[in-house]
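In: got a structure for you, letters missing:
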(Lines give C-alpha, C1' and ligand atoms only; values in the text may rest on other atoms or scores of the structure.)
Protein backbone atom coordinates (compact mmCIF):
# COMPACT_ATOMS: atom_id res chain seq x y z
CA UNK A 1 0.00 0.00 0.00
CA UNK A 2 1.41 3.32 -1.02
CA UNK A 3 1.33 6.30 1.38
CA UNK A 4 0.19 9.62 0.26
CA UNK A 5 2.17 12.76 0.82
CA UNK A 6 -0.28 13.89 3.53
CA UNK A 7 0.25 10.68 5.46
CA UNK A 8 4.04 11.14 5.37
CA UNK A 9 3.69 14.70 6.62
CA UNK A 10 1.38 13.57 9.40
CA UNK A 11 3.89 10.94 10.57
CA UNK A 12 6.66 13.51 10.45
CA UNK A 13 4.68 15.89 12.59
CA UNK A 14 3.95 13.15 15.08
CA UNK A 15 7.66 12.33 15.35
CA UNK A 16 8.51 15.97 15.95
CA UNK A 17 5.92 16.17 18.70
CA UNK A 18 7.44 13.11 20.41
CA UNK A 19 10.90 14.71 20.28
CA UNK A 20 9.57 17.98 21.67
CA UNK A 21 7.73 16.14 24.45
CA UNK A 22 10.82 14.14 25.35
CA UNK A 23 12.96 17.26 25.28
CA UNK A 24 10.44 19.10 27.47
CA UNK A 25 10.38 16.21 29.93
CA UNK A 26 14.18 16.23 30.04
CA UNK A 27 14.34 19.96 30.66
CA UNK A 28 11.66 19.68 33.32
CA UNK A 29 13.63 16.87 34.98
CA UNK A 30 16.76 18.98 34.99
CA UNK A 31 14.88 21.95 36.43
CA UNK A 32 13.22 19.76 39.04
CA UNK A 33 16.55 18.20 40.03
CA UNK A 34 18.15 21.64 40.24
CA UNK A 35 15.31 22.90 42.41
CA UNK A 36 15.61 19.85 44.65
CA UNK A 37 19.36 20.27 44.91
CA UNK A 38 18.99 24.00 45.64
CA UNK A 39 16.30 23.31 48.22
CA UNK A 40 18.46 20.63 49.87
CA UNK A 41 21.43 22.97 49.94
CA UNK A 42 19.34 25.75 51.41
CA UNK A 43 17.96 23.31 53.95
CA UNK A 44 21.48 22.27 54.90
CA UNK A 45 22.58 25.88 55.15
CA UNK A 46 19.58 26.65 57.29
CA UNK A 47 20.28 23.66 59.52
CA UNK A 48 23.93 24.66 59.82
CA UNK A 49 22.92 28.22 60.69
CA UNK A 50 20.53 26.87 63.33
CA UNK A 51 23.20 24.61 64.80
CA UNK A 52 25.70 27.46 64.76
CA UNK A 53 23.24 29.61 66.69
CA UNK A 54 22.71 26.77 69.18
CA UNK A 55 26.47 26.30 69.64
CA UNK A 56 27.07 30.05 69.93
CA UNK A 57 24.47 30.54 72.62
CA UNK A 58 25.73 27.49 74.48
CA UNK A 59 29.18 29.11 74.52
CA UNK A 60 27.61 32.38 75.61
CA UNK A 61 25.77 30.55 78.40
CA UNK A 62 29.11 29.24 79.69
CA UNK A 63 30.58 32.74 79.59
CA UNK A 64 27.59 34.19 81.44
CA UNK A 65 27.79 31.49 84.13
CA UNK A 66 31.44 32.36 84.66
CA UNK A 67 30.68 36.10 84.82
CA UNK A 68 27.99 35.38 87.40
CA UNK A 69 30.50 33.54 89.62
CA UNK A 70 33.02 36.37 89.29
CA UNK A 71 30.38 38.95 90.20
CA UNK A 72 29.29 36.96 93.24
CA UNK A 73 32.83 36.63 94.57
CA UNK A 74 33.62 40.29 93.91
CA UNK A 75 30.54 41.53 95.77
CA UNK A 76 30.61 38.89 98.52
CA UNK A 77 34.17 37.52 98.66
CA UNK A 78 35.45 34.76 100.92
CA UNK A 79 38.64 36.42 102.21
CA UNK A 80 39.94 33.29 103.93
CA UNK A 81 39.80 31.14 100.79
CA UNK A 82 41.90 32.26 97.83
CA UNK A 83 40.67 29.29 95.79
CA UNK A 84 36.94 29.71 96.35
CA UNK A 85 36.23 31.61 93.15
CA UNK A 86 38.40 29.29 91.04
CA UNK A 87 36.57 26.28 92.49
CA UNK A 88 33.16 27.77 91.71
CA UNK A 89 34.26 28.64 88.17
CA UNK A 90 35.37 25.03 87.75
CA UNK A 91 31.89 23.79 88.67
CA UNK A 92 30.32 25.89 85.90
CA UNK A 93 33.04 25.09 83.33
CA UNK A 94 30.85 22.43 81.68
CA UNK A 95 27.14 22.50 81.05
CA UNK A 96 24.25 21.73 78.70
CA UNK A 97 21.57 23.79 77.03
CA UNK A 98 18.50 22.45 75.17
CA UNK A 99 20.33 21.30 72.03
CA UNK A 100 24.01 21.91 72.78
CA UNK A 101 26.71 21.85 75.44
CA UNK A 102 29.67 24.03 76.39
CA UNK A 103 33.09 23.61 77.93
CA UNK A 104 35.53 26.13 79.41
CA UNK A 105 39.05 24.78 79.81
CA UNK A 106 42.64 25.98 79.58
CA UNK A 107 46.06 24.39 79.34
CA UNK A 108 49.10 25.36 81.40
CA UNK A 109 52.57 25.15 79.95
CA UNK A 110 54.19 21.70 80.00
CA UNK A 111 51.06 20.17 81.53
CA UNK A 112 48.88 17.72 79.56
CA UNK A 113 45.89 18.33 81.84
CA UNK A 114 43.04 20.43 80.47
CA UNK A 115 42.01 22.42 83.55
CA UNK A 116 38.35 23.38 83.88
CA UNK A 117 37.66 27.11 84.11
CA UNK A 118 39.25 30.24 82.67
CA UNK A 119 42.95 31.10 82.40
CA UNK A 120 44.23 33.41 85.14
CA UNK A 121 46.08 36.25 83.43
CA UNK A 122 47.91 36.86 86.73
CA UNK A 123 49.66 33.52 86.27
CA UNK A 124 51.80 35.22 83.59
CA UNK A 125 54.32 38.06 83.44
CA UNK A 126 52.86 41.40 82.39
CA UNK A 127 55.07 42.68 79.59
CA UNK A 128 53.96 46.27 80.29
CA UNK A 129 55.57 46.18 83.74
CA UNK A 130 59.10 47.53 83.68
CA UNK A 131 59.89 45.28 86.68
CA UNK A 132 59.01 42.16 84.68
CA UNK A 133 60.62 43.20 81.39
CA UNK A 134 64.14 42.30 82.51
CA UNK A 135 62.89 38.73 83.02
CA UNK A 136 62.06 38.38 79.32
CA UNK A 137 65.61 37.26 78.62
CA UNK A 138 64.85 33.92 80.26
CA UNK A 139 62.38 33.12 77.45
CA UNK A 140 63.57 30.67 74.81
CA UNK A 141 64.96 32.41 71.70
CA UNK A 142 64.67 35.87 73.31
CA UNK A 143 67.58 38.09 72.27
CA UNK A 144 68.87 41.43 73.49
CA UNK A 145 67.80 43.27 70.33
CA UNK A 146 64.21 41.99 70.56
CA UNK A 147 64.08 42.84 74.27
CA UNK A 148 65.26 46.37 73.53
CA UNK A 149 62.77 46.66 70.65
CA UNK A 150 59.94 45.70 73.03
CA UNK A 151 61.06 48.40 75.45
CA UNK A 152 61.20 50.97 72.63
CA UNK A 153 57.68 50.03 71.51
CA UNK A 154 56.32 50.64 75.02
CA UNK A 155 58.31 53.66 76.24
CA UNK A 156 56.84 57.09 75.36
CA UNK A 157 59.95 58.55 73.69
CA UNK A 158 61.48 58.09 70.23
CA UNK A 159 65.02 57.45 71.46
CA UNK A 160 66.01 53.85 70.67
CA UNK A 161 67.73 51.64 73.23
CA UNK A 162 71.20 50.32 72.47
CA UNK A 163 69.93 47.50 70.22
CA UNK A 164 66.33 48.65 69.74
CA UNK A 165 64.41 50.54 67.05
CA UNK A 166 62.01 53.45 67.14
CA UNK A 167 59.51 55.19 64.88
CA UNK A 168 61.85 55.93 61.97
CA UNK A 169 62.42 52.19 61.46
CA UNK A 170 58.71 51.31 61.33
CA UNK A 171 57.87 54.25 59.08
CA UNK A 172 60.57 53.13 56.64
CA UNK A 173 59.01 49.70 56.06
CA UNK A 174 57.27 48.80 52.80
CA UNK A 175 53.97 48.87 54.69
CA UNK A 176 54.76 51.61 57.24
CA UNK A 177 53.13 52.05 60.64
CA UNK A 178 53.98 53.71 63.92
CA UNK A 179 54.90 52.12 67.26
CA UNK A 180 52.42 52.60 70.06
CA UNK A 181 54.86 54.37 72.43
CA UNK A 182 52.66 53.22 75.26
CA UNK A 183 51.49 50.01 76.98
CA UNK A 184 50.50 47.15 74.70
CA UNK A 185 46.73 46.68 74.56
CA UNK A 186 46.65 43.06 73.38
CA UNK A 187 49.13 40.22 73.44
CA UNK A 188 48.88 39.84 69.67
CA UNK A 189 50.29 43.34 69.25
CA UNK A 190 53.71 41.88 70.04
CA UNK A 191 53.92 40.59 66.48
CA UNK A 192 54.20 44.17 65.21
CA UNK A 193 57.51 44.62 67.02
CA UNK A 194 60.74 44.34 65.01
CA UNK A 195 62.46 40.96 65.24
CA UNK A 196 59.56 39.13 66.89
CA UNK A 197 58.38 36.11 64.89
CA UNK A 198 55.08 34.24 65.34
CA UNK A 199 56.83 30.89 65.77
CA UNK A 200 58.48 32.23 68.94
CA UNK A 201 55.42 33.97 70.24
CA UNK A 202 52.55 31.62 69.33
CA UNK A 203 54.33 28.33 68.65
CA UNK A 204 51.53 25.71 68.81
CA UNK A 205 48.83 27.98 70.24
CA UNK A 206 48.15 29.59 66.87
CA UNK A 207 44.81 31.18 67.86
CA UNK A 208 45.93 32.30 71.34
CA UNK A 209 43.02 30.67 73.17
CA UNK A 210 45.13 28.94 75.87
CA UNK A 211 43.68 25.52 75.02
CA UNK A 212 44.92 22.56 73.00
CA UNK A 213 42.91 22.30 69.77
CA UNK A 214 42.83 19.30 67.42
CA UNK A 215 44.90 21.05 64.74
CA UNK A 216 47.52 21.92 67.38
CA UNK A 217 48.20 18.27 68.22
CA UNK A 218 48.20 16.50 64.82
CA UNK A 219 51.85 16.78 63.75
CA UNK A 220 52.15 18.05 60.16
CA UNK A 221 48.63 17.21 58.96
CA UNK A 222 47.44 20.81 59.40
CA UNK A 223 48.83 24.15 60.49
CA UNK A 224 50.44 25.06 62.80
CA UNK A 225 53.45 22.71 62.99
CA UNK A 226 53.28 20.90 66.32
CA UNK A 227 54.36 17.90 68.33
CA UNK A 228 51.55 15.33 68.79
CA UNK A 229 52.30 14.93 72.50
CA UNK A 230 48.98 16.15 74.01
CA UNK A 231 50.85 19.12 75.52
CA UNK A 232 50.24 22.70 74.40
CA UNK A 233 53.47 24.60 73.81
CA UNK A 234 52.32 28.19 73.53
CA UNK A 235 55.79 29.66 73.30
CA UNK A 236 56.12 33.11 74.82
CA UNK A 237 52.34 33.60 74.87
CA UNK A 238 52.05 30.97 77.64
CA UNK A 239 54.17 33.19 79.91
CA UNK A 240 53.25 36.72 78.86
CA UNK A 241 50.17 38.91 79.28
CA UNK A 242 49.16 42.55 78.98
CA UNK A 243 45.93 42.33 81.00
CA UNK A 244 46.78 41.74 84.69
CA UNK A 245 45.94 44.68 86.97
CA UNK A 246 47.76 46.16 89.95
CA UNK A 247 44.62 47.25 91.82
CA UNK A 248 41.99 44.53 92.04
CA UNK A 249 39.04 43.43 94.12
CA UNK A 250 39.14 43.67 97.93
CA UNK A 251 38.48 41.20 100.74
CA UNK A 252 35.47 43.25 101.89
CA UNK A 253 33.80 43.71 98.52
CA UNK A 254 34.02 47.49 98.98
CA UNK A 255 35.93 49.85 96.68
CA UNK A 256 39.64 49.97 97.44
CA UNK A 257 40.84 52.89 99.57
CA UNK A 258 43.18 55.18 97.63
CA UNK A 259 45.49 56.37 100.42
CA UNK A 260 46.38 59.80 98.96
CA UNK A 261 42.68 60.72 99.02
CA UNK A 262 41.56 58.81 102.13
CA UNK A 263 41.19 60.01 105.72
CA UNK A 264 42.12 58.47 109.06
CA UNK A 265 38.53 57.71 110.02
CA UNK A 266 38.06 55.50 106.95
CA UNK A 267 41.21 53.55 107.75
CA UNK A 268 40.27 53.10 111.39
CA UNK A 269 36.86 51.72 110.48
CA UNK A 270 37.93 49.48 107.57
CA UNK A 271 41.30 48.24 108.83
CA UNK A 272 40.79 48.14 112.58
CA UNK A 273 43.59 50.62 113.28
CA UNK A 274 44.24 53.12 116.00
CA UNK A 275 44.28 56.81 115.13
CA UNK A 276 48.10 56.92 115.31
CA UNK A 277 48.44 53.91 113.01
CA UNK A 278 45.97 55.37 110.52
CA UNK A 279 47.75 58.72 110.44
CA UNK A 280 51.12 57.04 109.95
CA UNK A 281 49.73 54.89 107.13
CA UNK A 282 48.30 57.98 105.42
CA UNK A 283 51.67 59.69 105.63
CA UNK A 284 53.35 56.60 104.22
CA UNK A 285 50.78 56.24 101.43
CA UNK A 286 51.06 59.83 100.28
CA UNK A 287 54.64 59.28 99.13
CA UNK A 288 54.26 57.91 95.58
CA UNK A 289 57.55 55.99 95.68
CA UNK A 290 56.52 53.91 98.70
CA UNK A 291 55.16 50.40 98.24
CA UNK A 292 52.56 48.81 100.49
CA UNK A 293 54.27 45.41 100.32
CA UNK A 294 57.37 46.93 101.93
CA UNK A 295 55.38 47.17 105.16
CA UNK A 296 56.04 43.44 105.54
CA UNK A 297 59.59 44.29 106.58
CA UNK A 298 59.51 48.07 107.18
CA UNK A 299 57.73 49.43 110.28
CA UNK A 300 55.40 52.38 109.95
CA UNK A 301 57.19 55.62 110.85
CA UNK A 302 56.84 56.21 114.58
CA UNK A 303 55.71 52.68 115.43
CA UNK A 304 57.43 50.30 117.83
CA UNK A 305 58.31 46.67 117.22
CA UNK A 306 58.60 44.78 113.97
CA UNK A 307 55.90 44.39 111.30
CA UNK A 308 53.68 41.38 111.75
CA UNK A 309 54.45 41.06 115.45
CA UNK A 310 55.97 37.57 115.63
CA UNK A 311 57.43 37.60 112.11
CA UNK A 312 61.09 38.57 111.98
CA UNK A 313 62.97 38.20 108.68
CA UNK A 314 66.55 37.15 109.24
CA UNK A 315 68.47 39.92 107.47
CA UNK A 316 70.51 41.89 109.96
CA UNK A 317 69.09 45.11 108.57
CA UNK A 318 65.56 44.01 109.47
CA UNK A 319 66.15 42.83 113.03
CA UNK A 320 63.39 44.50 115.05
CA UNK A 321 64.26 47.46 117.15
CA UNK A 322 63.39 46.77 120.76
CA UNK A 323 60.82 49.29 121.94
CA UNK A 324 61.57 51.38 124.94
CA UNK A 325 59.73 50.46 128.14
CA UNK A 326 56.26 51.87 127.90
CA UNK A 327 53.15 52.15 129.88
CA UNK A 328 50.24 49.86 129.04
CA UNK A 329 48.16 51.04 126.12
CA UNK A 330 44.42 51.10 126.02
CA UNK A 331 42.34 48.81 123.84
CA UNK A 332 42.00 51.65 121.34
CA UNK A 333 45.76 51.68 120.81
CA UNK A 334 46.51 55.08 122.39
CA UNK A 335 50.06 56.30 122.26
CA UNK A 336 52.32 55.09 125.09
CA UNK A 337 54.60 57.19 127.28
CA UNK A 338 57.64 56.72 124.99
CA UNK A 339 55.80 58.39 122.11
CA UNK A 340 55.69 55.23 119.96
CA UNK A 341 52.54 53.35 119.01
CA UNK A 342 52.19 49.61 118.33
CA UNK A 343 53.33 48.34 114.94
CA UNK A 344 50.91 46.72 112.53
CA UNK A 345 49.80 43.21 113.44
CA UNK A 346 49.53 40.47 110.85
CA UNK A 347 45.79 40.98 110.60
CA UNK A 348 46.28 44.70 110.03
CA UNK A 349 49.03 44.10 107.45
CA UNK A 350 46.75 41.75 105.58
CA UNK A 351 43.93 44.30 105.66
CA UNK A 352 46.25 47.05 104.42
CA UNK A 353 47.35 44.94 101.43
CA UNK A 354 43.80 43.81 100.68
CA UNK A 355 41.86 47.07 101.12
CA UNK A 356 44.17 49.99 100.25
CA UNK A 357 46.41 51.15 97.44
CA UNK A 358 48.94 53.87 96.70
CA UNK A 359 48.49 53.62 92.91
CA UNK A 360 45.52 55.43 91.40
CA UNK A 361 42.91 52.74 90.53
CA UNK A 362 41.74 54.79 87.54
CA UNK A 363 45.15 54.44 85.87
CA UNK A 364 44.74 50.63 85.55
CA UNK A 365 48.43 49.93 86.04
CA UNK A 366 49.78 46.51 85.01
CA UNK A 367 49.65 43.91 87.75
CA UNK A 368 51.84 41.29 89.38
CA UNK A 369 51.86 37.52 89.10
CA UNK A 370 49.82 35.47 91.55
CA UNK A 371 51.67 33.03 93.80
CA UNK A 372 48.54 30.85 93.77
CA UNK A 373 48.37 30.27 90.01
CA UNK A 374 51.82 30.92 88.50
CA UNK A 375 53.04 27.59 87.03
CA UNK A 376 55.71 25.86 89.08
CA UNK A 377 58.11 25.83 86.13
CA UNK A 378 57.77 29.59 85.62
CA UNK A 379 58.14 30.29 89.35
CA UNK A 380 61.37 28.31 89.53
CA UNK A 381 62.72 29.94 86.37
CA UNK A 382 62.00 33.42 87.75
CA UNK A 383 63.68 32.64 91.07
CA UNK A 384 66.72 31.24 89.27
CA UNK A 385 66.98 34.26 86.97
CA UNK A 386 66.38 36.70 89.86
CA UNK A 387 69.23 35.05 91.80
CA UNK A 388 66.95 33.73 94.54
CA UNK A 389 67.52 30.30 96.04
CA UNK A 390 65.23 27.90 94.14
CA UNK A 391 64.57 26.08 97.41
CA UNK A 392 62.48 29.11 98.36
CA UNK A 393 60.35 28.53 95.25
CA UNK A 394 59.80 24.97 96.42
CA UNK A 395 58.80 26.29 99.86
CA UNK A 396 56.15 28.51 98.26
CA UNK A 397 54.89 25.71 96.01
CA UNK A 398 54.63 23.40 99.03
CA UNK A 399 52.86 26.11 101.02
CA UNK A 400 50.19 26.78 98.40
CA UNK A 401 49.62 23.07 97.77
CA UNK A 402 49.38 22.12 101.43
CA UNK A 403 46.78 24.76 102.24
CA UNK A 404 43.30 24.00 100.87
CA UNK A 405 42.54 27.72 100.81
CA UNK A 406 45.79 28.60 99.03
CA UNK A 407 47.80 31.68 100.00
CA UNK A 408 45.38 34.42 100.99
CA UNK A 409 47.96 37.18 101.57
CA UNK A 410 51.60 38.07 101.08
CA UNK A 411 51.78 38.16 104.88
CA UNK A 412 52.02 34.37 104.78
CA UNK A 413 55.50 34.67 103.29
CA UNK A 414 56.62 35.58 106.81
CA UNK A 415 55.89 31.96 107.79
CA UNK A 416 58.81 30.74 105.68
CA UNK A 417 61.80 30.07 107.94
CA UNK A 418 64.89 32.22 107.39
CA UNK A 419 63.42 34.25 104.56
CA UNK A 420 65.46 37.44 104.21
CA UNK A 421 64.44 41.01 103.59
CA UNK A 422 66.19 41.01 100.23
CA UNK A 423 64.22 37.95 99.20
CA UNK A 424 60.98 39.44 100.45
CA UNK A 425 61.69 42.65 98.56
CA UNK A 426 62.22 40.85 95.25
CA UNK A 427 59.25 38.49 95.68
CA UNK A 428 56.76 41.17 96.71
CA UNK A 429 57.74 43.36 93.77
CA UNK A 430 56.93 40.57 91.34
CA UNK A 431 54.13 38.61 93.01
CA UNK A 432 50.82 38.97 94.81
CA UNK A 433 48.22 36.42 95.95
CA UNK A 434 45.08 37.73 94.24
CA UNK A 435 43.81 37.77 90.67
CA UNK A 436 41.42 40.10 88.86
CA UNK A 437 41.66 39.35 85.12
CA UNK A 438 40.86 36.04 83.39
CA UNK A 439 40.63 34.78 79.82
CA UNK A 440 37.51 32.68 79.25
CA UNK A 441 37.60 30.24 76.32
CA UNK A 442 33.99 29.01 76.10
CA UNK A 443 33.36 26.45 73.35
CA UNK A 444 29.78 25.54 72.45
CA UNK A 445 28.99 22.31 70.60
CA UNK A 446 25.76 21.41 68.80
CA UNK A 447 24.50 17.91 69.56
CA UNK A 448 23.04 17.38 66.08
CA UNK A 449 26.21 17.62 64.00
CA UNK A 450 29.01 18.46 66.42
CA UNK A 451 29.44 21.98 64.97
CA UNK A 452 31.44 24.17 67.36
CA UNK A 453 31.64 27.89 68.08
CA UNK A 454 34.21 29.35 70.47
CA UNK A 455 33.98 32.63 72.37
CA UNK A 456 37.21 34.02 73.81
CA UNK A 457 36.74 36.87 76.29
CA UNK A 458 39.21 38.65 78.57
CA UNK A 459 37.30 39.62 81.71
CA UNK A 460 38.19 42.08 84.50
CA UNK A 461 36.35 41.33 87.72
CA UNK A 462 37.97 44.05 89.85
CA UNK A 463 34.74 46.07 89.73
CA UNK A 464 31.05 45.30 89.47
CA UNK A 465 29.68 44.89 86.90
CA UNK A 466 32.61 42.92 85.54
CA UNK A 467 34.19 44.32 82.38
CA UNK A 468 34.88 42.46 79.13
CA UNK A 469 38.21 43.84 77.89
CA UNK A 470 38.43 41.71 74.75
CA UNK A 471 35.83 39.64 72.90
CA UNK A 472 36.12 37.47 69.78
CA UNK A 473 34.35 34.50 68.26
CA UNK A 474 35.70 31.76 66.03
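Out: Everything's here; your move. As the structure is a prediction and not an experimental result, all values here were calculated from the model.

In: ranges for the helices of the stretch 51-200 of the chain?
Out: Taking DSSP state H, counting those that start in this stretch, the helices of the stretch 51-200 of the chain run over residues 84-91, 130-133, 144-154, 167-171, 198-201.

In: and these, which is most packed in?
Out: helix 144-154 (a mean of 20; mean count of other CB atoms under 10 Å). All C-beta atoms are positioned from the backbone trio N, CA, C, and that covers glycine.

In: Run through the neighbouring helices and strands of that helix.
Out: Judged by 3 or more CB pairs under 8 Å, 6 or more residues apart in numbering; DSSP states H and E, helix 144-154 is in contact with helix 130-133.

In: now with 10 Å?
Out: Packing partners of helix 144-154 (3 or more CB pairs under 10 Å, 6 or more residues apart in numbering; DSSP states H and E): helix 130-133, helix 167-171.

In: worst average pLDDT in these?
Out: When the helices and strands packed on helix 144-154 are compared by mean pLDDT, helix 130-133 comes last with a mean of 80.

In: on that earlier part again, could you dump the helices and strands packed on helix 144-154 to CSV with distance to residue 247?
Out: CSV is the format used below for the helices and strands packed on helix 144-154 (distance: least, CB to CB, whole Å):
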stretch, distance to residue 247
helix 130-133, 16
helix 167-171, 31
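
In: re earlier: make JSON lines out of the helices of the stretch 51-200 of the chain and add distance to residue 464.
Out: Shown next, in JSON lines, are the helices of the stretch 51-200 of the chain (distance: least, CB to CB, whole Å):
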{"stretch": "helix 84-91", "distance to residue 464": "13"}
{"stretch": "helix 130-133", "distance to residue 464": "28"}
{"stretch": "helix 144-154", "distance to residue 464": "30"}
{"stretch": "helix 167-171", "distance to residue 464": "40"}
{"stretch": "helix 198-201", "distance to residue 464": "34"}
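
In: Go through the helices and strands packed on helix 144-154 and name the closest to residue 426.
Out: helix 130-133 (9.7 Å; CB to CB).

In: picking that back up, out of the helices of the stretch 51-200 of the chain, nearest to residue 274?
Out: Short answer: helix 84-91, nearest of the helices of the stretch 51-200 of the chain by CB to CB, at 31.2 Å.

In: and residue 374, how far is that from residue 202?
Out: 21 Å (CB to CB, to the nearest Å).

In: Compare the two (neighbour count), which wins?
Out: More crowded of residue 374 and residue 202, by other CB atoms under 10 Å: residue 374, with 26 against 23.

In: Surely that one touches residue 132?
Out: No. Applying CB atoms under 10 Å, one finds residue 374 not in contact with residue 132, separated by 11.8 Å.

In: wouldn't residue 358 be in contact with residue 283 here?
Out: No. Judged on CB under 10 Å, residue 358 makes no contact with residue 283 at a distance of 11.8 Å.

In: Name the residues contacting each of the two.
Out: Listed contacts common to residue 358 and residue 283 are 259, 290; contacts here mean CB atoms under 10 Å, 6 or more residues apart in numbering.

In: what sits in contact with each of residue 374 and residue 132?
Out: With CB under 10 Å, 6+ apart, residue 374 and residue 132 have common neighbours 124-125, 368, 382, 430.

In: out of the residues you listed, who has the most neighbours?
Out: Busiest of the shared contacts of residue 374 and residue 132 [other CB under 10 Å] is residue 124, holding 28 neighbours.

In: least reliable of the helices of the stretch 51-200 of the chain going by mean pLDDT?
Out: helix 130-133 (a mean of 80).

In: just checking, what packs against it?
Out: strand 125-126, helix 144-154, helix 421-430.

In: One more pass at 8 Å, please.
Out: helix 144-154, helix 421-430.

In: Switch the ones you listed over to a markdown table; also include distance to residue 398.
Out: Formatted as a markdown table, the helices and strands packed on helix 130-133 follow (distance: least, CB to CB, whole Å):
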| stretch | distance to residue 398 |
| --- | --- |
| helix 144-154 | 33 |
| helix 421-430 | 15 |
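
In: Of all these, which one is nearest residue 471?
Out: Comparing the helices and strands packed on helix 130-133 under CB to CB, the one sitting nearest is helix 144-154, at 24.2 Å.

In: The closest residue in space to residue 199 that isn't next to it in sequence: how many residues sit nearby?
Out: Spatial nearest neighbour of residue 199, chain neighbours left out: residue 235 (7.4 Å); criterion: CB to CB, 6 or more residues apart in numbering. A count of nearby residues for residue 235, using other CB under 10 Å, gives 21.
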